[in-house]
Each structure stands twice: as C-alpha cells, then as structure tokens.
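In: Here's my sequence, what's the structure:
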Amino acid sequence: MMIWKLMNLSALLVGTLASPTPTPSSSPSAVTEEYVCRIYNLGRSADCLGRQLDYIPWRQFPSTLEDIDLSYNKLQAVRADDLLNLPELRILQLQFNNISYIADDAFKQNLLLEHLDIFNNSLQEIPAAALRPLSNLQKLYMSNNLYKHATLADSFSKFNKLQVLSMGGPLVMGLKKDDFLPLKNIRLYGFAIKCSSNLSYYEPGSLAVIQTSQMGFDIAIDQRPNSLPLMLRDLANKTFSVIQFRRLFEFMYYLGDEDIFQGLKDISVYQLIFHRGKFNENLMRMALMNLQIAPIKRVRLQYIDFTRSPTFVESGSGSSITDLELDKLDLWYISNPDILRFDWRFTWFNKIKELSMQYVFFNSVPCDAWAEMGGVELLDVSNNRLVDSVLFNQLCDYKGRMQRLRVFNMSNNALSSLKDISSLTRDFRQLRVIDVADNKLGSAEESRDCVWTQNITRVIAHHNQFVSEALHCLPTTVQFLDLSYCGLDQLDMTYFEKTTDLKELLLNGNKIKFIPSRWKSLSLQSLALDGNSFGLINMESFQDMPRLTRLRAGNNPYHCTCDLHAFIQDTTSKGKVNLTDWPENYRCYHPEAFLNTVISKYLPGRVACDIRLVIIICVATTALVVMILMLICYIFDVPWYTKATYQIVRAKYRAHKERAAGGEAEVFAYHAFISYSHSDADWVRDQLLPCLENNKNPYRLCIHERDFMPGKWIIDNIIENIESSHKVIFVLSHHFVNSEWCNYELYFAQQRAMGKTFNDVILVVKEPIDPGSLPSKYCKLKKMLSTKTYLEWPQQVKQQAFFWAQLKSVLGKPTLTRERMGSTRSKASSVGAVSVIELPLEDGRPERAAADVDGEAELDKVIERNDELFNVKPIPVAVA
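Out: Modelled structure (predicted):
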C-alpha cells in the first residue's frame, strides 16, 4: 500500500507538468452576480471553480476562509488587497488561469498558507517577492508558466517546511548549476522540473543539490541526448522511491550508439517510469541492459510509441536480456505490441514476478511466451480485447508451464469460453486467483466439461452473462466468488452445495427473483445480494448458514410483509448477521400504499404479524361470543323454542306421512281449539263449553281432556288438533302463564299463524294480567296483549251475556265449510270397538253412544292416562 501511495503522489507531481485544456463548469460569459462563489464548510471553504471570473471576488469572502478554489477562471492578476482579509487561509488554488502578475505583498496577510497552486498560468518570472512571507508553505506548484529560467531566489532557502515543489515551463531552455542552490538544505518529498522541448543546455551538478524522495523530469532530450547521462550522474548515490521521465524523446527516435542509460546502475530507485515518448529497439535494449544491473525493483512503460530499429542486429546467439530481475513490469498503452518480443524473444520476462500488459492489444501469444514466463507470479493481460483463440492455442503444450503463477488477470477482454480458460490453466499448479471480469463468459454451450486446478480459491467474474447452468463450470474449491452483474435470474443450488469452502459470495446487481429456501452453506461468512429482483426474504432463507456474519441485500423490490419485518427485527436485534447497507438501501416496493417507504419505518401491528397472538385473540373472541350467545339463549329461552320447533317439525312430518299413506286431505274438524290451564278447567267446563256447545247452532270445540286421541304423543295431539281447528282460544290467567303445556300450545299456535297476522288467535283474559310481568319467553303474547284486541271475562253477571255475544261474533257462524275427513278427526274416539263420543245430530244435541261396561272402563283408563300426562283431573263430558 505504501508503494502505491508513493506512485500516486509521483503521478500527481509529474502530472502538474502537463498542459491539459481546462474544462470550465460553465459557459463563458460576463461576470454577474450569478457566478458568486459557493461558501460552505461553516465559512471555511469557498468554491469558485470555473465561474469565468476575471477578478478575485474578495468582497464575498468571510475572514474565516481556510480553503479557496479559484481554478479554471480568467484571472489575470493577484493584487495586494485581494487576499488581505483572509488571515486563516491555508489552501489557495489558482491553476489554469491567465495570471501574469502577482503583487509583491499579495500574500503578506496569509502567513498560514500551506498549499499554493499557480500551475499553468502566464507568469514570466518566479514570484519570489510575493512568496517570501510564506514560511509555512509546504506544497508549491508553479510549473508550466512562461519562465525563461529556473533559478530560485535565496528566499526559498527559508521554506524549511516545503515538501513538494514543481517548477519550470516550456520556455526554460536549460538548467544551470546554481538554479536550485537555495534548496540544498531542504529535504523534499517530491520535486518536478519542466524544460523546453528543445533543451539547449544542462550544466553538470544542476540537480546535485536536490534532496527528494520522488523526482519527475519533463525534459525532452531529442537535441541533446548526452544531457541524460549528466542528469543521472547528478542523481548517483542517492535513493529515490520513484523517478519518472516524461517525453524523454518527444519528436524523434534515438539513433545514437552511446549508452545514455549507463548511469542507472549508480542510482538506488524503487520504481522507474517512462511516460510518453518514443522508443525503438536500440533504446529499449540500452535501458533494459542497464536495468539488469541497476538496483531497481519496478519499471513502467506507459503511452510509449515503440518501433523496430532498422539498424538493430540480431546476433542469433540468443537474447541479450536474460537477467532482468524485477518485482513488477508494467507495459501500458504501448502503440506497437512488438515491444513484447522486441529482440524477437520473450526471455526478458523470465525473472519478472509481476507482469502487467494492458492496452497493448496483441493478437497472438506464441507457445514460447508461456515457456519464458516461468518466474511470473502475477500475470495481468486485462484490457487487450483478447478472444479465446488468441489466449488459448490448442497447438501449445501448457503442461509444466507457469509453475509459479498465483494470480491471472484476464478481465476486460472478449473471452467467451470457460472451458478454454480451464484448459489453459489446468496445469498451473500454484494458481490461486483468476480474474475474468468484464468478458462474455457464461453461456451454457461454452461452459461444459471444465477441469480446473484444485488450488483456485478466488474467482472474480463480475460483468459477464451467466446462465445458471454455467455455474457448474466454475471451480468448486473457491473461497471467494464474485458473480455480480452477471444477469443471473436464478441460482443452481447443486453448484453451491459443492463449494464447501466458500466464505464470501457476491451476487449483487443480478436479476435473481427469489432466494432459494433452505440454502445450505456451512462455510459462507459474507453474502451480497443487493440490486436484484427478489421481494421476499425471511429468517428461513439463511438459517442453514451458521457462519454468516455479513449480509448486503438492499436495493431490492421488497414486499413489506410480516415475514420481512420479522427477518429485519431478528437480524438487527441479535446482531449475529450485520446488514452492511442497512437501512438506507432497504425500501418497500409492494404494496402500493408503502411504495418507497424505508423498511426501518415499516412497523406492522403485533396482532397482524404474531400468529400466536392471533390464535389467542380468535379463541378468546370465539369463547366470548359463545358465552354471550349462551347468555342470550338463557335469557330468551332459546333452547325451549328450539325444542318446541323441533317437536313441530317432527309432528308435521309424522302427520304428512300418515296423510300420504291414507290419502287424506286437510280439513277443519273444529271451530276452535281451547287452550287453558288445569286450574281454569272448571271455568271452561262450567262456563265456556255449555255456552258454545249447548245451543241450537253449536260450535265444535276441542279440549285436551275430551278430544285428544289416545295412544298418540301429546305433542302430536296438540299440533294436530290446533292444525284441525279454525280458531284457537287462549284462556289467559296467571295459571296459564305458569303452565308448560299452555306455553307449548301458545307457541304452536304462533307458528301456525305465521304470516296470517294472528287473525285465528282469540285471547280471553279470564283474570287481569300485567303484560310487563310475563316471562321473556312470552314475548309474542306480550306483543299481542299490547297490539291486539282481546276479550276480558267480566266478573259481573249482567255483562257476561255481552261477552258471549262478542266471542261468538269472533268465532263466526258455527257452520263448517269443510267436513271432517277420517275417523282420526272425529269427536268420537274409539278404544277397541267402542264409540265414546259421536258427532252431534242434526238438531245439535249429541247422543250418548251405547257402550258396554268393558268399553266404558277402557275409556276411563285412556282418559285417566291422558290426565296424568297433562297433570289434570278427569272431567266428565257434558251431553245434552
């Protein structure tokens, strides 16, 4: 990591030597109030980048500013009062302007300034007077200006805190011995110098006083190639982390015979970079021959224009570069892939540990290349548009090759066959890591019969187009697998069951529609599923992953359900699995009412999600309802009504069967059925019956003591005789209310009168009754007493005649409209062969039937049994 940090800083230093075209953030126009700077960071920072400013808007700056970015504007000068009120200023960026003048006292109040960037302006002189007060200056970028010389003023010797310095410009024609003398006692971290493309002179010792860790040269030596040995001699016996040569030969190839790189062997440098410029075979050989004996560990050639040398002589005895031992060799953006075998061989790769060839665009890999890379441990051939036939040649023998290779990077190419890659690397015994990202891998046809070395532990295959069947062609020994952005819409669990050592799996950015239930992976520790298409996830999804500690599953179209809520609650509360992208990336997609709701704010009720609580509430509610119903049934005698209804249905069913068997038609056998209590029997016998039956036009009345059929069920008798009666007379009294059988008779009469508005029910109130005192089961009787006109038995004898007239009026004329059919409807009941009571004769007077003693005795027994059932005493029948 330290090496990369140093390299990045080196790139930053030498990058300041370039002259890129600025890209302002806004179109050119006159400065208006619209282009005022943005003040942020609590008044400590100002962003004025690309605002087309032609002056420094100092009136807008608060005195608390510490950082100002005025780059990419049209500034022409920095005047004395522009920065006068900014005593806290530490960073000032003025690069890419047109500044040609900086006042001598421009920075006199900015004593804390540490970072000043005036790169790529129009200064004709180094502003030494203006810089003099800046004793705290640490980074000073002032290259790419119009200086004609690079001589530093003595005041630079006081910049003891200076770490980075870039200077020079396209008009600096050369370097003198005393140019950098003020820096002799300052230890820099980075130093970069830019000179004219037509270097005119270089005095030996010019760079000798420079003490720095990183050195950058933007000096073209096309006209004076002999100046390079002089520069290298000034750097001899020094130690550097990075030295970069930029555009060493800018316009022409070196055709000389002198070895201009011979001074490299005397310099201790970790990395040497050649950035841009022209290289031919001769110059390449000179550099590599000196690198074989130089203590240099890393070399990079980037953006190089390479060509064959017409004067290059191949001796035929073998390559001259056989002992180039480097930790890393980078060949990036080379114009001609012939550089790979510049001397017609690949022997210069033999002792390279890490070899990176990017953007070289070679179109073949000869078989001997694999043989000459025996010492390579990391091979990077990414970004070369390689196809399978270029990388894997079936005519080559790969057995025993690349025995030290541990990392193979083939990303960003056009490879499509996993089978070819497995065949290529099958015998690379030390191979651990394969990177095939950004290719065209994953088709079922090109992913069959793959055989891999058993040491592969890391596969990077993101941004391909995998189908689930192609997963079987991946190595099963992996510990890390990246299949993100591969277009997968489902997972084949048979492959993952074989990856028993898999610890980290990346599946983000696919199209996976569901998470397989009971996904078993005993070794998996980290799983990425964000950016897919599944909406359901629950605790069962990962319960067979006992070692899972990191999960990333955001940016999916979640269905906000109780299962999801339970999963989130369980995961976040227990802390066993860390949702690394929680909560900002978790939002509801369904249902529509919760669209885009952050799942952390989705809080369904406990009742909606706890099934146990739902069961308890349902059971309790059901029990309560049952208890209430039972209480209602008790209060309103529902069981009694149910029992009575059952008896009605049962009796009617039996009657229907009897009528069906006998072919009888339903008729009215009686004018009225008399319902009364046993306690009121004397009144019925002595008053009611004589008045209605013993006259010229008698009524046929039915009373239970006389007219019920012996041998039948009492309920059947009640129902049948009520049904056979035109009217039903209820003799109401307190005794009636307390009689169970009277209650039955009243209920059956109500059922019979259903839909007839009770016109066939006659209420005779024998004694006063308060309707409010009646039990709840007499609710219908209450209603009738309250809404229906009833007859009240007068206690005065004079009024009784009017009572009988009213009753007969209600009963109507005594002539029946339908004759009685069948012996079961007659007023005569037979026991054995004895007739007890017959129909009245034409004169209306009943005639006593002749009966033998045995018949009368039998009749007495029947009546006695009937009376016992009704809890009444036998009443003799009154006959005329």
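In: how would you label the residue nearest to S679 when sequence neighbours are not counted: helix, strand or coil?
Out: Excluding the flanking residues, the one nearest S679 by C-beta to C-beta, 6 or more residues apart in numbering is H735, at 3.8 Å. Using the backbone N, CA and C atoms, a C-beta is placed for each residue, glycine as well. Three-state assignment for H735 (DSSP: H, G, I helix; E, B strand; the rest coil): helix.
In: H735: what's it in contact with?
Out: H735 sits next to 677-680 when contact means C-beta atoms under 8 Å, 6 or more residues apart in numbering.
In: same check, this time on A437
Out: By C-beta under 8 Å, 6+ apart, A437 lies in contact with 411-412, 460-464, 482.
In: Separate out the buried members of these.
Out: The neighbour count (16 or more other C-beta atoms under 10 Å) marks 411-412, 460-464, 482 as buried among these.
In: Which pair of these spans the longest distance?
Out: N412 and D482 (14.4 Å; C-beta to C-beta).
In: which ones are touching the residue nearest the centre of the chain?
Out: The centroid of the chain falls nearest to N556 when counting by C-alpha atoms, centre = their mean (3.5 Å). Contact analysis of N556 by C-beta under 8 Å, 6+ apart lists 529-535, 537, 589.
In: let's go with 10 Å and repeat that
Out: When contacts are counted by C-beta atoms under 10 Å, 6 or more residues apart in numbering, N556 is found next to 508, 512, 515, 529-537, 585-587, 589.
In: Filter these down to the ones in strands?
Out: Among those, the ones falling in strands (DSSP state E) are Y589.
In: Under the pLDDT cut-off, which ranges of the stretch 751-880 of the chain? List them.
Out: 751-759, 773, 776-777, 815-880 (pLDDT under 70).
In: Report the beta-bridge partners for the closest residue to Q302 other than its chain neighbours.
Out: Spatial nearest neighbour of Q302, chain neighbours left out: W332 (4.1 Å); criterion: C-beta to C-beta, 6+ apart. Note on W332: beta-bridge partners Q302, Q358, judged by DSSP bridges.
In: what about W332, how many neighbours?
Out: Neighbourhood size, W332 [other C-beta atoms under 10 Å]: 17.
In: Number the residues from 37 up from this point.
Out: Fine by me, first position is 37 from now on; the one you just mentioned is W368.
In: Show the contacting residues for it.
Out: Counting by C-beta under 10 Å, 6+ apart, W368 touches 311, 336-340, 392-396, 416, 419.
In: before we move on, back to that, next one: the residue nearest to the centre of the chain relative to F550, how far apart?
Out: 11 Å (C-beta to C-beta, to the nearest Å).
In: joint contacts of those two?
Out: 568-573.
In: Of those, which is the nearest to K834?
Out: Among the shared contacts of N592 and F550, and counting by C-beta to C-beta, the member closest to K834 is L572, at 92.1 Å.
In: Quick one: residues contacting the closest one.
Out: Per C-beta under 10 Å, 6+ apart, neighbours of L572: 549-551, 592-595, 597, 599-600, 603, 626.
In: let's see 6 Å
Out: H595 (C-beta atoms under 6 Å, 6 or more residues apart in numbering).
In: picking that back up, okay, the shared contacts of N592 and F550 in JSON lines with distance to M438 and pLDDT next?
Out: Formatted as JSON lines, the shared contacts of N592 and F550 follow (distance: C-beta to C-beta, whole Å; pLDDT from 0 to 100):
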{"residue": "N568", "distance to M438": "37", "pLDDT": "94"}
{"residue": "S569", "distance to M438": "40", "pLDDT": "93"}
{"residue": "F570", "distance to M438": "41", "pLDDT": "91"}
{"residue": "G571", "distance to M438": "46", "pLDDT": "88"}
{"residue": "L572", "distance to M438": "46", "pLDDT": "88"}
{"residue": "I573", "distance to M438": "43", "pLDDT": "85"}
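In: Mark which of these are buried, thanks.
Out: Neighbour counting by 16+ other C-beta under 10 Å classes 568, 570-573 among the shared contacts of N592 and F550 as buried.
In: S483: which of those residues is nearest?
Out: Nearest member of those to S483, counting by C-beta to C-beta, is N568, at 21.5 Å.
In: Give the closest residue to that closest one in space, chain neighbours not counted.
Out: Nearest to N568 is I548, by C-beta to C-beta, 6+ apart, at 4.2 Å.
In: distance of that neighbour from V412?
Out: 37 Å.
In: likewise L477?
Out: 23 Å.
In: coming back round to it: more crowded one of I548 and V412?
Out: The neighbour count for I548 versus V412, taken as other C-beta under 10 Å, is higher for V412 (24 against 20).
In: Which phi and psi values does the more buried one adopt?
Out: Backbone torsions of V412, given as degrees, to the nearest 10, read phi -70, psi 130.
In: Just give the closest residue to it, not the sequence neighbours.
Out: Using C-beta to C-beta, 6+ apart and skipping residues adjacent in sequence, the residue nearest V412 is L391, 5.1 Å away.
In: again with L565
Out: Nearest one to L565, counting by C-beta to C-beta, 6+ apart, is A589 at 4.5 Å.
In: what's the answer for L337, then?
Out: Leaving aside its chain neighbours, L337 sits nearest to F310 (5.0 Å; criterion: C-beta to C-beta, 6+ apart).
In: got it, and A407?
Out: Counting by C-beta to C-beta, 6+ apart, A407 lies nearest to R437, which is 6.3 Å off, once chain neighbours are set aside.
In: And that neighbour, how far from L460?
Out: 10 Å.
In: where's M325 relative to R381, distance?
Out: For M325, the distance to R381 - C-beta to C-beta - is 14 Å.
In: and what of V487?
Out: Distance, V487 to R381, using C-beta to C-beta: 32 Å.
In: Which one of those two is surrounded by more residues?
Out: For V487 versus R381, neighbours defined as other C-beta under 10 Å are more numerous around R381 (18 against 12).
In: Tell me which of R437 and L460 has more neighbours.
Out: It is L460, of R437 and L460, that has more neighbours when counted by other C-beta under 10 Å, with 23 against 19.
In: what's the nearest residue to that one once chain neighbours are set aside sitting at in phi/psi?
Out: In this structure, L460 finds its nearest non-sequential neighbour in F428, 4.5 Å apart by C-beta to C-beta, 6+ apart. Dihedral angles of F428 (phi, psi; degrees, to the nearest 10) stand at phi -110, psi 110.
In: ok so, going back, would you write a ChimeraX line that selects the buried entries of the contacts of W368?
Out: Listed next is the ChimeraX selection for buried residues among the contacts of W368, using 16+ other C-beta under 10 Å:
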select :311,336,337,338,340,392,393,394,395,396,416,419
